[in-house]
Structures are given as C-alpha cells and as structure tokens.
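# need a structure here:
(one chain, ligands or ions: 3)
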Amino acid sequence: MSKITFSIIKADIGSLAGHHTVTEEQMKAAREMLGEAKAEGLIFDYYVFHVGDDLQLVMLHDKGENSPEIHGLAWNTFKEITEKVSKRDKLYAAGQDLLAEAFSGNVRGLGPGVAEMEFEPRKSEPIIVFAADKTEPGAWNLPLYRVYADPFTTPGLVIDPRMHQGFVFQVMDLVEGKVVELNTPEELYDLLALIGTPSRYVISRVWRKDGLLAASASTTRLSLIAGRYVGKDDPVLVVRAQHGLPAVGEYLEAFAFPHLVAGWMRGSHVGPLMPVGLKDARCTRFDGPPRVVALGFQIADERLIGPADLFDDPAFDWSRRVATEVADYIRRHGPFMPHRLGPEEMEYTTLPQVLEKLKERFRPAEGQ
Ligand code: F6R
Ligand code: MG
Ligand code: MG
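Ligands and ions are numbered 1, 2, ... in the order given. Model prediction:
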C-alpha cells in the first residue's frame, strides 16, 4: 500500500461554562464539514472529538504532512464554527486559538496545534492519539521518555530484538526554534539534560533506530506566538504501536503515574496530569486538574476503525485517585511556588501588569 497521512489538528474556538467543554453543536458542525470533505475526496476518513474546551479533528488522507489543503480544511472548519456556532451561542472565548486573521498555507504558528505522521501502513497499524487539556507540549516529555527509553515501563526494549537498538528522539528548542536528534540509550543523559526543562525543550518526534517513525507531537506554544497568555496549548500526540514498537499497554503504562505538568488554572500552575475517558475529559476543579485521553485506532486502507477509549478503564482508577490527592496537596500552596509557576513562565500572564504597579514604590534598601 502507498503512504497515508494521519493528521490531528486542534483548537480552542470557544467553550461552554467558561473553559470547561466544547458543545455538541460545535462537534456536529465539525462532523458535517469533515463529512463534506470526505464526500469530495479530499480526506479518506475523519473522527471528531474534544478534550475539555479543545475541538479535535482527526483526518486520514494522502496529502502528506503540512498539506495546505488539509491545514486549510482544519482552519476553515475552526473559522466557520467560530462564526456560526461559538459567536452565535456567545460561547466563552469564541475563536480563542485562531491567532491569525488569515490562513497562510499552514496552521503551524497560527494558533491551532498539529501532530502529523506520513507513513506506509504496516499489515496491521494500531495508532494511539493522546490529547490533553490545560497543559503544554512539554507534558509529553516524561511519558515519551518512559515509553521509548525506560525498560521499567517498556520491557520490549529489553525483550524484543526489533526494539533493542533503541530509539532516536527529536527535541525542539521552542525558544530558539531549533531541533536536535539524540540517540538512546547512548545519549540518555544528554536527552534528559534537555527534556527535564519541559517549558523550553519538547520531544517533537521519535523514530526507531532503523528509521521507522513512531511518534509525532504538537509543539505549539501559544504564548510564544502571541507574546502574551492566550490559553494553554493543550497538546496532542500520535504514536504507532505493536509489532516491533511499544505495545499499546506500554504506552498507556507511562501515564499510570500522574506526573506534574504546567498549566491548570490560568495556565499558571503546576498540577497532576489525570488520565481519563472521554466522558470525563472536562476540566472542573480549579479549571482542572489537567486531563489526558488516549484513543486507539486501526487503519484499514482508507478507513479509520475505532476509536477505543483507552483510559476509560478501572485499571486507571488508582492513577485518578493519586491525581486527585496530589491536586489537593499542591492546591494548599495557594499562590506560592512551586504550585504557581516561576517568574519566567509568568511573564506571559497578566502578573507583570500587577508587578508594574509596585515598581515605583520600591526604594533602595540601604541601611535597612
Ligand atoms: C487555562 C484556562 C483557564 C483560564 C481562567 C481565566 O488554560 O484557560 O484556567 O485561564 O479560567 O480565564 P479568563 O481570564 O478568560 O476569565
Ligand atoms: Mg478555553
Ligand atoms: Mg483547552
């Protein structure tokens, strides 16, 4: 079979009850527009879902990555739903993530988040889409490290000869706009030296050592595009599983520990990433805690089969309980770091406006 492209493009274009959830009307409109694109032959298949206030468009097609036609379809879908539904229903922050006035061939840099992969499907091709709300792309760093470089999570790294050589991680420096490839296990410590700073260095792609593409993640940081706080990036991630790649369960295992991520209330707080099924993919307490869903698909020629709602399972009840306890513990720090983010991150929020007011009241501390 020839190559196919799996794209997920998402945006927050306004939501119900503050930043809580996308409405059924918005989802219906998205399904209609992608349905038309399928009928016209632009895309093979699609799936529409949401995580909290982010509308997610999954598209299967043969136009390759960064296709102006596919990105244009997503952009127009978001624009039209903003105009026809979000604004009509006075949803909160209508059109929030559409930072540009006009589409210029690619949604990267315009606000929406994108994760895409072009590849030749294997005989059977299990794919998982991870999508999170109220956090940033660096939230994937820890689980991706665990999946592709930690045998305590992925015994396949030890047991399966097809994975035993390890993986290549592409890390993006979001500040400089540069990428670097690092080989594991040889350069494990160099990799960790970078990705331990998830606000700046994010894993954007992962390949098996033989070149097989395994993962592709969104890298949008809205605050760096807009120069101010405009809602959290709420990243997406696409991975391929099984048969010489990590098993579906090895991917999910990396999320059983609800690690701390940046985002949550006002995009300014650290909190646990809670794995949930679609029915619970809506943020509540303190606009959170941040959530992640995992949807499993199979690709059957030009059809998407699924999804399976993989975190909708009692096996993740313990993770959710720990996340709730950690949320409660860290919440008690109120406006103090390390619950509230550090000054570098807060630069993009409205905090500097508050600090500015105090500036002239400061005087030299001599003799005190
Ligand atoms: C986090 C998020 C929310 C808002 C908060 C205040 O990503 O979107 O936590 O930051 O609800 O929103 P505004 O300033 O719109 O009232
Ligand atoms: Mg929102
Ligand atoms: Mg969101």
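# how about the helices in the stretch 201-350 of the chain?
222-226, 248-253, 317-331, 343-346 (DSSP state H, counting those that start in this stretch).
# out of these, which is closest to ligand 2?
With CB to the ion, the closest approach to ligand 2 among the helices of the stretch 201-350 of the chain belongs to helix 222-226: 10.7 Å. (C-beta placed from N, C-alpha, C; glycine too.)
# dump the helices of the stretch 201-350 of the chain to TSV, plus mean neighbour count and distance to Gly52.
Formatted as TSV, those follow (neighbours: other CB atoms under 10 Å; distance: least, CB to CB, whole Å):
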stretch	mean neighbour count	distance to Gly52
helix 222-226	18	15
helix 248-253	21	20
helix 317-331	16	15
helix 343-346	14	20
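# which residues touch stretch 89-109?
With CB atoms under 8 Å, 6 or more residues apart in numbering as the test, stretch 89-109 has contacts from 9, 11-19, 23, 25-26, 53, 66, 68, 71-72, 74-76, 78-79, 82, 85-87, 110-112, 114, 220, 222, 225-226, 230-231.
# what helices or strands is the helix or strand hosting Gln26 leaning on?
Using DSSP states H and E, the element containing Gln26 is helix 24-39. Applying 3 or more CB pairs under 8 Å, 6 or more residues apart in numbering; DSSP states H and E, one finds that helix 24-39 contacts strand 45-51, strand 54-61, helix 68-81.
# so which of the ones you listed is nearest ligand 3?
Among these, strand 54-61 sits nearest to ligand 3 (CB to the ion), with 4.4 Å.
# relative to helix 68-81, how tilted is that closest one?
Computed by axes from the mean of the first three to the mean of the last three CA atoms, to 10 degrees, the angle separating strand 54-61 from helix 68-81 equals 150 degrees.
# check the offset of strand 54-61 from the chain's centre.
Relative to the mean C-alpha coordinate of its chain, strand 54-61 is positioned 13 Å out (CA atoms, centre = their mean, to the nearest Å).
# just give the nearest non-adjacent residue to Ala217, would you?
The shortest distance from Ala217 to any non-neighbouring residue, by CB to CB, 6 or more residues apart in numbering, is to Leu237 (4.5 Å).
# and the gap between that neighbour and Pro258?
Using CB to CB, to the nearest Å, Leu237 is found at 16 Å from Pro258.
# quick one: Thr349 from ligand 1, how far?
Distance from Thr349 to ligand 1, counting by CB to the nearest ligand atom, to the nearest Å: 9 Å.
# contacting residues around the closest residue to that residue other than its chain neighbours?
Spatial nearest neighbour of Thr349, excluding adjacent residues (CB to CB, 6+ apart): Tyr229 at 4.6 Å. Counting by CB under 8 Å, 6+ apart, Tyr229 makes contact with Leu222, Ser223, Arg266, Gly267, Ser268, Tyr348, Thr349, Thr350.
# how about 10 Å then?
Contact partners of Tyr229, counting by CB atoms under 10 Å, 6 or more residues apart in numbering, are Leu222, Ser223, Arg266, Gly267, Ser268, Glu345, Met346, Glu347, Tyr348, Thr349, Thr350, Leu351.
# do you know the pLDDT at it?
For Tyr229, the pLDDT comes out at 84.
# looking at it, the residue nearest to Ala217 is touching Pro137, isn't it?
Yes: counting by CB atoms under 10 Å, Pro137 is a contact partner of Leu237 at 8.6 Å.
# what residues are shared contacts of the two?
Any residue near both Leu237 and Pro137 by CB under 10 Å, 6+ apart counts here, and that gives Gly113, Ala115, Ile203, Ala217, Ser218.
# give me every residue that touches the residue of the stretch 51-200 of the chain found nearest ligand 1.
Residue of the stretch 51-200 of the chain nearest ligand 1, by CB to the nearest ligand atom: Lys134 (5.0 Å). By CB under 10 Å, 6+ apart, Lys134 lies in contact with 19, 51-54, 231-234, 261-267, 269, 271, 273-274, 283, 286-292.
# ok, and which of those reach ligand 3?
Gly52, Asp53, Asp54, Asp234 (CB under 5 Å from the ion).
# quick one: the second one from ligand 2, how far?
When distance is defined by CB to the ion, to the nearest Å, Asp53 is 4 Å away from ligand 2.
# ok, how many other residues are close to that residue?
31 (other CB atoms under 10 Å).
# my guess is it meets Asp12, correct?
Yes: at 4.9 Å, Asp53 and Asp12 qualify as touching, with contact defined as CB under 10 Å.
# now for the two: what residues contact both?
Jointly contacting Asp53 and Asp12 under the rule CB under 10 Å, 6+ apart are His19, Val22, Tyr92, Ala93, Gln96, Asp97, Asp133, Gly231, Lys232, Asp234.
# among those residues, name the ones in helices.
Among the shared contacts of Asp53 and Asp12, no member is found in helices (DSSP state H).
# tell me the pLDDT of the closest residue to ligand 3 within the stretch 201-350 of the chain.
Closest residue of the stretch 201-350 of the chain to ligand 3, CB to the ion: Asp234 (4.0 Å). Per-residue confidence (pLDDT) for Asp234: 96.
# what is the neighbour count of it?
Neighbours of Asp234 using other CB under 10 Å come to 31.
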